[in-house]
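> this one's structure only:
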């Protein structure tokens, strides 16, 4: 979720919830859904490589290589040693490898 607040000088403070953190809520705050949504919400708790590859928009063979090289967290099960990925571990991994600031607090002047 994201929150937007305006003050008398027409500035907007935008803050988004991050895993393990909450928005500072107070008078005048309005919650709005994130523009990006949750791309992992529709998937099961334990995902197959094809599902993760679809989310990341890469080939399944690329994802399996990343799993084997320990670039993506996962585990192998069964006699065929098939890869599986915990959805929440993937979410944490993707969040920790972002190239944007961890805290979203920016001011924007509105004309």
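Here it is on my side, so go on. It should be emphasised that the depicted structure is a prediction, and the values quoted were computed from it without experimental measurement. Numbering: from 1, shown residues only.
> only C-alpha atoms for contact and neighbour calcs from this point on.
Fine.
> bridged to residue 46, which residues?
residue 86 (DSSP bridges).
> helices along this structure, start to end?
For the chain, applying DSSP state H gives helices covering 49-56, 60-68, 87-96.
> so can I have CSV of those helices showing distance to residue 43, mean neighbour count and mean pLDDT?
Below are the helices of the chain laid out as CSV (distance: least, C-alpha to C-alpha, whole Å; neighbours: other C-alpha atoms under 10 Å; pLDDT from 0 to 100):
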stretch, distance to residue 43, mean neighbour count, mean pLDDT
helix 49-56, 8, 16, 95
helix 60-68, 16, 16, 96
helix 87-96, 8, 14, 92
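> in a markdown table: the ones you listed, plus distance to residue 79.
Converted to a markdown table, the helices of the chain look like this (distance: least, C-alpha to C-alpha, whole Å):
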| stretch | distance to residue 79 |
| --- | --- |
| helix 49-56 | 17 |
| helix 60-68 | 17 |
| helix 87-96 | 22 |
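> tell me which of these lies nearest to residue 41.
Closest to residue 41 of these, according to C-alpha to C-alpha: helix 87-96, at 8.9 Å.
> which other residues reach stretch 37-44?
51, 55, 87, 91 (C-alpha atoms under 8 Å, 6 or more residues apart in numbering).
> buried sites along that stretch?
residue 40 (16 or more other C-alpha atoms under 10 Å).
> for it, what is the average pLDDT?
Stretch 37-44 carries an average pLDDT of 88.
> span of that stretch from start to end?
End-to-end distance for stretch 37-44, by C-alpha to C-alpha, to the nearest Å: 17 Å.
> start the count at 59, not 1, going forward
Happy to do that; since the first residue is 59 now, the last one works out to stretch 95-102.
> can I see the domain layout of this protein?
Per automatic domain parsing, the structural domains of the chain span 60-95+160-167, 104-154.
> residues near residue 139, how many?
Residues within reach of residue 139, counting by other C-alpha atoms under 10 Å, total 9.
> right, I mislabeled it, should have said residue 127
Residue 127, neighbours per other C-alpha under 10 Å, totals 10.
> roughly how far does it sit from residue 114?
17 Å.
> ok, residue 103 - contacts?
Contacts of residue 103 by C-alpha under 8 Å, 6+ apart are 144-146.
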